[in-house]
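> predicted structure and sequence below. I'll ask about it afterward.
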Amino acid sequence: MAIDSWLEKEKPRHLSELFELLRIPSVSTDAAHAGDMQRAAEYVRGRFESAGLQARVCPTGGHDAVYAEWCKAPGAPTVLVYGHYDVQPPDPVELWRNPPFEPTVEGDSETGNIVARGATDDKGQFYCHVKGVEAHLATSGSLPVNVKFLIEGEEEIGSPNLRPFLEASKELLAADIVVVSDTSMFAPGRPSITVGLRGLAYMEVTVTGPSHDLHSGLFGGAVMNPINALAQMIASLHDDQGRVAVAGFYDTVRELSEAERAEYRALAHDDEAFRRELGIDEDSGEVGYSIHERVSARPTLDCNGIIGGYTGPGAKTVLPSVARSKISCRLVPDQDPDEVTALVSKHLLAAAPAGVTVEVEAHHGARPFLVDRSVPAIQAARAAMTRVWGAETVFTRGGGSIPVVGDFKDVLGLDTVLMGLGLKDDRLHSPNEKFGLENFYEGIRASAYLFEELGRRG
């Protein structure tokens, strides 16, 4: 096949281009990297144009988005591919084996791993689609479908300006389906389509006691310590069965059907490998559900950060004035982020001991997502991945959240195909993030096949 031969020949160039993108420290949360964000957007625009698409950088009110298109197939479906060029901060930098923005191949030159911040989340994955489109244009001069790309720069900070951009660009972004590669395959060599994602309710709780920090020897025992109070409040959020103890938390949860639970069992999740990879002796969570069910199809509540008092070296006997915690809830159909935030806030306020005041601030949220598996584009993606990996493509749910999936449905009326090309152990958001070379090269081929399958199915 012409495309396969071309892709094999172009491997070194494709890897070199990805490395150039990975070298740009496009950390969206840090104002010090504003110039790097602009540089990354311009680099992506340039790569689109080199691939044969029309492209431009679009202001959003925050970090720029990049739009590109090839729409020369009248009557054919239009595919909108979404991704993001921004990345998480690399901290703690000292835990990286190599500098986080100097991509390195570890292991074999064909089957090893690309190690760098952004390798799998999401630069490597979205770049597979850029090269998938280029493969068609380079070998035949056309595509079997119309293709549009939207690559944003704020996903890692909750995409605050993306929804307004979608609302202002409905005509520009009009399409038949959205394709996103920002998730993971079930296992190496086991391709999968993610048909569900958990939603998110994120909040920050501030507990305030005395008007200023106090000497713990002079005042301890007479003044409520905000850290102690916060610890009590956090401890009250779960019962001894691993369930969230917030009243009403499970009222709208859509339970897994027996057929869905049978699918989970058939996937044969390797629990021991899961524990070994994480360096833990025992897993924990909601009693009565498997690990795989708990991390993808059951709601959760976690404390993501806690701070208060003295945290420097040595000792300082202080009774702090303030303690804070960041809390996130992962949601499943049919939970609503605003409703869950209100329920958790009510619980925390009621659980606070006397002597402190409590403020709960809501941050960003996302609704859970569950797609109809019979959508033709889902079947097209399944066929494309099966062709590449030679193994049946399975349907899975993902434990994370991609808020824009709900925005695509609400604003543009479009369903989303979540075509994950990474692996679960890619260490996204962690030091030594990686993306397998095989996943990168085969991901490009899967993208090229996807456009073929979408064109064939209409």
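In hand now; what should we look at?

> tell me the secondary structure for Val195?
For Val195, the assignment made with DSSP: H, G, I helix; E, B strand; the rest coil gives strand.

> check contacts around Gly153.
26, 28, 37, 40-41, 60, 62-65, 84-86 (CB atoms under 8 Å, 6 or more residues apart in numbering). In short, each C-beta sits where N, CA and C put it, glycine included.

> in space, what's closest to it - neighbours in sequence excluded?
His63 (3.4 Å; CB to CB, 6 or more residues apart in numbering).

> what's near enough to touch the one you found?
Counting by CB under 8 Å, 6+ apart, His63 touches 28, 34, 37, 41, 86, 152-154, 161.

> what's the farthest-apart pair in these?
Ala34 and Glu152 (15.4 Å; CB to CB).

> what helix or strand is the residue nearest to Gly153 on?
For His63, there is no host helix or strand (DSSP states H and E).

> could you do the one 4 residues further on as well?
Tyr67 is part of strand 65-70, with elements assigned from DSSP H and E.

> tell me what that strand is packed against?
Packing partners of strand 65-70 (3 or more CB pairs under 8 Å, 6 or more residues apart in numbering; DSSP states H and E): helix 34-51, strand 54-58, strand 146-152.

> what comes up buried for the helix or strand just after the last one?
Counting by DSSP H and E, the element after strand 146-152 in chain order, helix or strand, is helix 162-168. Neighbour counts using 16 or more other CB atoms under 10 Å place 162-163, 165-166 of helix 162-168 among the buried residues.

> got it, and stretch 63-82?
63-70, 76-82.

> again with stretch 206-218
206-210, 213-214, 216.

> returning to that earlier point: what lines up beside the strand holding Tyr67 in the sheet?
strand 54-58 (antiparallel), strand 146-152 (antiparallel) (DSSP bridges).

> and the angle for the shortest one with helix 34-51?
Meaning strand 54-58. The directions of strand 54-58 and helix 34-51 differ by 170 degrees, with axes from the mean of the first three to the mean of the last three CA atoms, to 10 degrees as the criterion.

> repeat for the longest one
Strand 146-152 runs at 170 degrees relative to helix 34-51, counting by the same axes, to 10 degrees.

> now strand 146-152: average pLDDT?
Strand 146-152 shows a mean pLDDT of 98.

> what are the contacting residues of that strand?
Defining contact as CB under 8 Å, 6+ apart, one finds that strand 146-152 is touched by 44, 48, 53, 55, 60, 63, 65-73, 76-86, 126, 129-130, 133, 159, 162, 165, 172-173, 175, 404, 451.

> please enumerate the strands of the stretch 101-250 of the chain.
104-106, 113-115, 146-152, 177-180, 192-197, 199-208, 214-215 (DSSP state E, counting those that start in this stretch).

> check the stretch 251-400 of the chain too.
300-308, 318-319, 322-331, 357-366, 369-370, 394-398.

> can you tell me the strand partners of the fifth one and which way each runs?
Translated: strand 369-370. Strand pairing for strand 369-370, determined by DSSP bridges: strand 192-197 (antiparallel).

> now the third one
The strands that strand 322-331 pairs with in its sheet are strand 199-208 (antiparallel), strand 300-308 (antiparallel) (by DSSP bridges).

> returning to what we had before: redo the contacts of His63 as TSV? Include distance to Ala391.
Shown next, in TSV, are those (distance: CB to CB, whole Å):
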residue	distance to Ala391
Ser28	36
Ala34	44
Met37	38
Ala41	36
Asp86	32
Glu152	32
Gly153	35
Glu154	35
Asn161	39
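
> filter these to the buried ones?
Neighbour-count burial (16+ other CB under 10 Å) applied to these gives 28, 37, 41, 86, 152-154, 161.

> closest to Leu331 out of those residues?
Proximity of the buried ones among the contacts of His63 to Leu331 was ranked by CB to CB; the top entry is Glu154 with 21.4 Å.

> residues touching the closest one, list them.
By CB under 8 Å, 6+ apart, Glu154 lies in contact with 28, 60, 62-63, 84, 86, 160-162.

> of the residues you listed, which one scores lowest on pLDDT?
Lowest pLDDT of those: Pro160, 93.

> for that one, the count of nearby residues, please.
13 (other CB atoms under 10 Å).

> now do Thr104
19.

> so what pLDDT did it get?
Reported pLDDT for Thr104: 98.

> then Ile402?
Ile402 is assigned a predicted lDDT (pLDDT) of 82.

> and it, how many neighbours?
Neighbourhood size, Ile402 [other CB under 10 Å]: 26.

> so where's the chain shaky on pLDDT?
Along the chain, segments meeting pLDDT under 70 span 1.

> if we use 80, what do you get?
Scanning the chain for pLDDT under 80 picks out 1, 364, 458.

> mind giving me the domain split of it?
Per the record, the chain has its domains at 2-197+368-457, 199-253+299-365, by automatic domain parsing.

> need the winner for burial among those domains.
Mean neighbour count (mean count of other CB atoms under 10 Å) peaks for domain 2-197+368-457 among the domains of the chain, with a mean of 20.

> what's in contact with the strand holding Tyr67?
Against strand 65-70 from outside (CB under 8 Å, 6+ apart): 41, 44-45, 48-49, 52-58, 85, 133, 137, 143, 146-153, 162, 165, 169, 172.

> go again with 6 Å.
By CB atoms under 6 Å, 6 or more residues apart in numbering, the residues outside strand 65-70 that reach it are 41, 44-45, 48, 53-58, 143, 147-152.

> quick one: distance of that strand to the chain centre.
Computed by CA atoms, centre = their mean, to the nearest Å, the chain-centroid distance of strand 65-70 equals 21 Å.

> and the strands of the stretch 101-250 of the chain: which comes nearest Pro431?
Among the strands of the stretch 101-250 of the chain, strand 113-115 sits nearest to Pro431 (CB to CB), with 9.6 Å.

> next one: the closest one to chain centre, how far?
The answer for strand 113-115 is 19 Å, by CA atoms, centre = their mean.

> pull up the pairing partners for it, direction included.
In its sheet, and by DSSP bridges, strand 113-115 pairs with strand 104-106 (antiparallel), strand 434-436 (antiparallel).

> export the helices and strands packed on strand 65-70 to JSON lines and tack on distance to Val179?
Below are these laid out as JSON lines (distance: least, CB to CB, whole Å):
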{"stretch": "helix 34-51", "distance to Val179": "16"}
{"stretch": "strand 54-58", "distance to Val179": "17"}
{"stretch": "strand 146-152", "distance to Val179": "9"}
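
> any idea which of these gets closest to Ile114?
Nearest of those to Ile114, taken as CB to CB: helix 34-51 at 16.6 Å.
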